[in-house]
Each structure stands twice: as C-alpha cells, then as structure tokens.
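Visitor: next come a sequence and a model predicted from it.
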Amino acid sequence: MLPLGRALNLISLGEQTAQSLGVDVRRVRRQLIVLSTLLTALATSVAGVIGFVGLVVPHLLRLLLGPDHAGSCPPR
C-alpha cells in the first residue's frame, strides 16, 4: 500500500483535484479494494476469527457512535 501513498494524499483533497493532478481515481480505488481485501484475508488466516472481529468491531462502533473521540470517554 505504500506506493499508493501519494495518490491517497491527493484523493483526500478531493477526487476532482486528484484527477486534475494526474491520479486515475478509479484505478487507485480498485487497487485499494483488492489490497484491503487481501490484507484482511491474510490477517484473518494468521490470527483467526478473533483477529477478524478485532479488525471489524472498531469500525462498526465508529459508524454507530460517530467519530468524536472526546464524546466516547466518560467524564472525570
């Protein structure tokens, strides 16, 4: 995934901006999906189902609770 770092930085500025700077957004998106799938499959095969749950649960909680890190901790 390291070779895609520059393209990802440009895509984070916006798809149109990245495309105007020479990034093939559709190709990069396809590569990311394939690489992410392979890396997740590799992590699952090495660590087992528990590892897969460890990868998925934080993302599901972020979808449910939102991205606010300060709101997720109880007050002191």
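Guide: Arrived safely. Numbering: from 1, shown residues only.
Visitor: average pLDDT for whichever strand or helix holds Arg30?
Guide: If you go by DSSP states H and E, Arg30 is part of helix 25-65. The average of the pLDDT scores along helix 25-65 is 87.
Visitor: just how off-centre is it within its chain?
Guide: Relative to the chain's own centre, helix 25-65 is displaced by 8 Å; criterion: Cα atoms, centre = their mean, to the nearest Å.
Visitor: what is it packed up against?
Guide: Judged by 3 or more Cβ pairs under 8 Å, 6 or more residues apart in numbering; DSSP states H and E, the packing partners of helix 25-65 are helix 5-12, helix 15-20. Any C-beta I mention is one placed from the backbone N, CA and C, and that applies to glycine too.
Visitor: and it with helix 5-12, angle?
Guide: 70 degrees (axes from the mean of the first three to the mean of the last three Cα atoms, to 10 degrees).
Visitor: about what we covered before: for Ile33, find the nearest of the helices and strands packed on helix 25-65.
Guide: Nearest of the helices and strands packed on helix 25-65 to Ile33, taken as Cβ to Cβ: helix 5-12 at 13.1 Å.
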